[in-house]
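S.K.: Task: produce atomic coordinates for the following.
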Amino acid sequence: MKYPTIRGCMALCTTLVGMWLGCGAQGPLEPPLVASLDFADPALDAAVRRALQKPIGPILPADVVGLTWFSAAGQGIVSLNGIEKLSSLTSLVLSSNRIEDIGPLARLPNLELLYLDNNRIVDISTLSNMTALTVLDVSGNRIERIAALSSVTVLKMFQCNNNRIVDISALSKLSSLEILHLRGNRIVDISALSNLTLLNTLSLRDNLIADIAVLSRLTRLNQLGLSNNQISDLTALINNPGLNDFDTLELSGNPLSKTALTIQIPVLEARRVAVFLVSLNG
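M.R.: Here you go, the predicted model:
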């Protein structure tokens, strides 16, 4: 039996080393690169960094996993592009910015609380997919249509003051509502409210409402604002047995009939309803 010579062993080792190098042998593997999260609007980027307490460096997906509440009110935000990457959010406050397009919010379906008041929003159709929302404020915008909200059936508080709303029929399906503010719109017909029997707070001030017959059905009301409308007759309120001890009723700025002033209001006051014929806001 022949044994390999020393020269042969060295040649074999050289060959094996060459094969090892040829196969691209490397040192320890580096972790894969993780893409950072980018926000188009510098004001939004700055607000996210404050929330994360991360003033410098890339914002990584792992940084935002636990971010469920985000408030960026009054920060001069214009674009929401990138906010959809904050996918753990359940509460979002964006009041008093300069936002027009809320399309990116469509990818945040877990939101339960959303404040968008005092922006420049016209179209809220994006909100139709946000079926987890319980609190929504879109006051002080330029909204004309709220049909998209008909699918947000767990909504408990909706504030839509100072917009351009005429048609509120979409609200007829929101039977979970307890607080509803629609002050300063162009509403005439409120018959859609007939199914909202859980309402305890209702503000309809500064609209064009004359017929309030539907309010006789809302027996849980304890705060009712009707100032500055076209109301002359209060029969519906007399017929609402839920209006009694220490409930408040605002009626200033309406063309109330003599019967309303001399008979109906005294009846309500005898039930200890606090009736205000002068605006509470001066």
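S.K.: alpha carbons only for contacts and neighbour counts from here, please
M.R.: Will do.
S.K.: Please, where are all the strands along the stretch 151-282 of the chain?
M.R.: 157-159, 179-181, 201-203, 223-225, 248-250, 274-276 (DSSP state E, counting those that start in this stretch).
S.K.: Tabulate the ones you listed (TSV), appending distance to Ile238 and mean pLDDT.
M.R.: Shown next, in TSV, are these (distance: least, C-alpha to C-alpha, whole Å; pLDDT from 0 to 100):
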stretch	distance to Ile238	mean pLDDT
strand 157-159	26	98
strand 179-181	21	98
strand 201-203	17	98
strand 223-225	13	98
strand 248-250	12	98
strand 274-276	13	98
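S.K.: possible to save these as a markdown table with distance to Ile102 and mean neighbour count?
M.R.: Converted to a markdown table, the strands of the stretch 151-282 of the chain look like this (distance: least, C-alpha to C-alpha, whole Å; neighbours: other C-alpha atoms under 10 Å):
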| stretch | distance to Ile102 | mean neighbour count |
| --- | --- | --- |
| strand 157-159 | 17 | 21 |
| strand 179-181 | 21 | 21 |
| strand 201-203 | 26 | 20 |
| strand 223-225 | 30 | 21 |
| strand 248-250 | 34 | 21 |
| strand 274-276 | 39 | 17 |
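S.K.: Quick one: closest of those to Val135.
M.R.: strand 157-159 (4.8 Å; C-alpha to C-alpha).
S.K.: list the helices and strands that closest one packs on?
M.R.: strand 135-137, strand 179-181 (3 or more C-alpha pairs under 8 Å, 6 or more residues apart in numbering; DSSP states H and E).
S.K.: coming back round to it: can you list the strands of the stretch 151-282 of the chain in CSV and add distance to Asn119?
M.R.: As requested, the strands of the stretch 151-282 of the chain are exported to CSV (distance: least, C-alpha to C-alpha, whole Å):
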stretch, distance to Asn119
strand 157-159, 14
strand 179-181, 17
strand 201-203, 21
strand 223-225, 24
strand 248-250, 28
strand 274-276, 32
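S.K.: Any idea which of the helices and strands packed on strand 157-159 gets closest to Leu268?
M.R.: Comparing the helices and strands packed on strand 157-159 under C-alpha to C-alpha, the one sitting nearest is strand 179-181, at 22.3 Å.
S.K.: got the contact list for the nearest residue to Thr90 once chain neighbours are set aside?
M.R.: Using C-alpha to C-alpha, 6 or more residues apart in numbering and skipping the chain neighbours, the partner closest in space to Thr90 is Leu111 (4.0 Å). Neighbour list for Leu111: Leu89, Thr90, Ser91, Leu92, Met130, Ala132, Leu133 [criterion: C-alpha atoms under 8 Å, 6 or more residues apart in numbering].
S.K.: residues near the nearest residue to Ile143 once chain neighbours are set aside, how many?
M.R.: Leaving aside its sequence neighbours, Ile143 sits nearest to Val122 (C-alpha to C-alpha, 6+ apart; 4.4 Å). Neighbour count of Val122, defined by other C-alpha atoms under 10 Å: 17.
S.K.: Val122 touches Ser139, doesn't it?
M.R.: No: using C-alpha atoms under 8 Å, Val122 is not in contact with Ser139, being 11.3 Å away.
S.K.: now Pro104, what's its secondary structure?
M.R.: Under DSSP: H, G, I helix; E, B strand; the rest coil, Pro104 falls in the helix class.
S.K.: quick one on the thing from earlier: reformat the contacts of Leu111 as JSON lines; add pLDDT, secondary structure and neighbour count.
M.R.: Formatted as JSON lines, the contacts of Leu111 follow (pLDDT from 0 to 100; DSSP: H, G, I helix; E, B strand; the rest coil; neighbours: other C-alpha atoms under 10 Å):
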{"residue": "Leu89", "pLDDT": "98", "secondary structure": "coil", "neighbour count": "22"}
{"residue": "Thr90", "pLDDT": "98", "secondary structure": "coil", "neighbour count": "19"}
{"residue": "Ser91", "pLDDT": "98", "secondary structure": "strand", "neighbour count": "18"}
{"residue": "Leu92", "pLDDT": "98", "secondary structure": "strand", "neighbour count": "21"}
{"residue": "Met130", "pLDDT": "95", "secondary structure": "coil", "neighbour count": "23"}
{"residue": "Ala132", "pLDDT": "97", "secondary structure": "coil", "neighbour count": "17"}
{"residue": "Leu133", "pLDDT": "98", "secondary structure": "coil", "neighbour count": "24"}
